[in-house]
Each structure stands twice: as C-alpha cells, then as structure tokens.
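Undergrad: Please find the sequence and the predicted model below.
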Amino acid sequence: MRALWRGSISFGLVNVPVRMYAATERKSVSFRQIHRECGTPIRYEKVCPACNRKVEEDEITRGYEYEKGRFVIIEDKDLEAIPDETTRTIDIIDFVDLKEIDPVYFDHSYFLGPEETGQKAYLLLFEALRKTGKIAIAKVMIRAKQSLACLRPYGENQLVIETMFYPDEVRDEGEITVSPGIKLHENEIKMAVQLIDSLAAEFRPEKYTDEYRKALLDIIRAKVEGQEIKIPAPREEKVVDLMEALKASLAMVEEEKGKKQPAGRGRKKRAIS
C-alpha cells in the first residue's frame, strides 16, 4: 500500500511520526463516452475560447472568480504565504466522545501507520485512546486543504483518521419540510418498533455486497460474449395501507426466520391481527 502523506501527530509535547494511507476505494463500474457511429472513444481537449486554440498544461494556472467573469490569478508562491500550507502535522485540538459526533460530519477515511522511529509513541496513543474511550479532534493539511478530522483506534492496534466537514459545510436541514399535521397511531409505532426489533442483527460488513455492480458486470460480460440481454419486467408499485404493510412485513420476517430454523425446533408463531 503506497503512502499518500507523511507527517506526524502532535498533542502536547508528544510527536508521533506517521504515514497516511487511503482506507477505502470505490469499486463502481466506469464507462467511456463512445462515438456511436465508429465506436471510438471521444477525446477531450482543454481549449481557450478567447484564443480559440488548445492549451498545454504548462500554460494553465489557477484562478478565483471573485465577480461574474472576473478572476484573480493565484500562484503557488501565493499559497506558500499561508502559514499552514506547508505543514505536515496532525494537530490534536480536543479529545471527545465518538457518540457526540453525528455521522453527517464524516468525509474520508485514512489509515495511519507509524514510522520506524515512532512505533512506541504510536502504540501509546492507540492504547490511551482505547482505555479512555475518547477520540481526538484535529486539523490536518491534505491536498492543499485544511481539514477538520477525528483520530480514533481501529482494529487491534491501528489508528484511523477521518476527515470531517466543518459546520458551515453541512447544509441546513430546516429547508426540508416534514408536515407537523400528521398524527401517528400508537399501534403503528408499536408495530414499526416490533418490525425493527425483528430485523435487528449484529453488524457484519462482509455480508453486504453491491448487487447492482455485480449485475452490471454480468451484463457487460454477456455483451462481450455476444449473448442476448433479457430485460426483466418492471416491478408493479402498489399504494398500500400503512398498517397492512407493517403486518405483511412482520409476517414475512417470521416466515423467513421459520425457514432458517433446524427441522423439529420451530415454534408455532401467534398470528398478528
């Protein structure tokens, strides 16, 4: 695994030299845009509309649009004037409880591995976080962006860092309206809770798979081999009564559980009325 960042974790007077590695990878199926007539991939070129010509990479710089159609050019040396731009430190600010952070704040995950000279300090930080049940809130520079982040124990002896959104980057949920006039019946709540309880399970990530990606790869493989693609009939959507839907869902769950029980050990279930 190739490290994408090298630096150190800093808290108090303690420095822990670490390397950062991407913890996740997206496995979506990507497509190219193809000219239907000849089957050739479409080529994209960077063209300046004012000069009406292709622009080479060394001619391109970054600019900020401060007014519509007006830009200020920002050079690399301008960014170097920002004090934190060149830092390679994960600066711990606070230690908090993980349950206090809403998951909406989490962005990307990265593994942190110790440098050879920081093995003991790395394990010490891991053990201290594990024993206190706390996670560290920090700031870190990654790809020319200062990110808020949380540092936490992971697995048996690893540290993981999650970049986070700042509060002003989380949209206001008040723009989404839920009608205050809708009343819930006590029986509806009771049955919904019963359905959730009946479907409750221990989280085992290995049991979840991307069925859509698998089906898409099957279609691609079939087309490569010249097979005919069969289009399934669309599912019929029916508007059903909420209570009837809850009852039917509970009955379906009980039936599935009954199928999974060993022969002779099933118990008779009381019908839901």
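TA: It's in.

Undergrad: end to end, how far does stretch 197-206 reach?
TA: End-to-end distance for stretch 197-206, by CA to CA, to the nearest Å: 21 Å.

Undergrad: Kindly report the same for stretch 231-242.
TA: When the termini of stretch 231-242 are compared using CA to CA, they are 31 Å apart.

Undergrad: Tell me, how many residues neighbour Glu244?
TA: Per other CB atoms under 10 Å, the neighbour tally for Glu244 reads 9. For glycine as for every other residue, the C-beta is placed from the backbone atoms N, C-alpha and C.

Undergrad: right, and the secondary structure at it would be what?
TA: helix (DSSP: H, G, I helix; E, B strand; the rest coil).

Undergrad: any chance you could map the strands in the protein?
TA: Taking DSSP state E to define them, one finds strands in the chain at 5-11, 14-22, 34-35, 40-41, 47-48, 53-54, 62-67, 70-74, 89-97, 106-114, 134-142, 145-154, 158-164.

Undergrad: Out of these, which is closest to Lys260?
TA: Lys260 lies closest to strand 145-154 among the strands of the chain, at 32.3 Å (CB to CB).

Undergrad: what sits against the nearest residue to Phe71 once chain neighbours are set aside?
TA: Spatial nearest neighbour of Phe71, chain neighbours left out: Gly63 (3.8 Å); criterion: CB to CB, 6 or more residues apart in numbering. By CB atoms under 8 Å, 6 or more residues apart in numbering, the contact list for Gly63 reads Phe71, Val72, Ile73, Ile74.

Undergrad: Select, out of the strands of the chain, the one closest to Leu199.
TA: Checking the strands of the chain against Leu199 by CB to CB gives strand 106-114 as the closest, at 24.6 Å.
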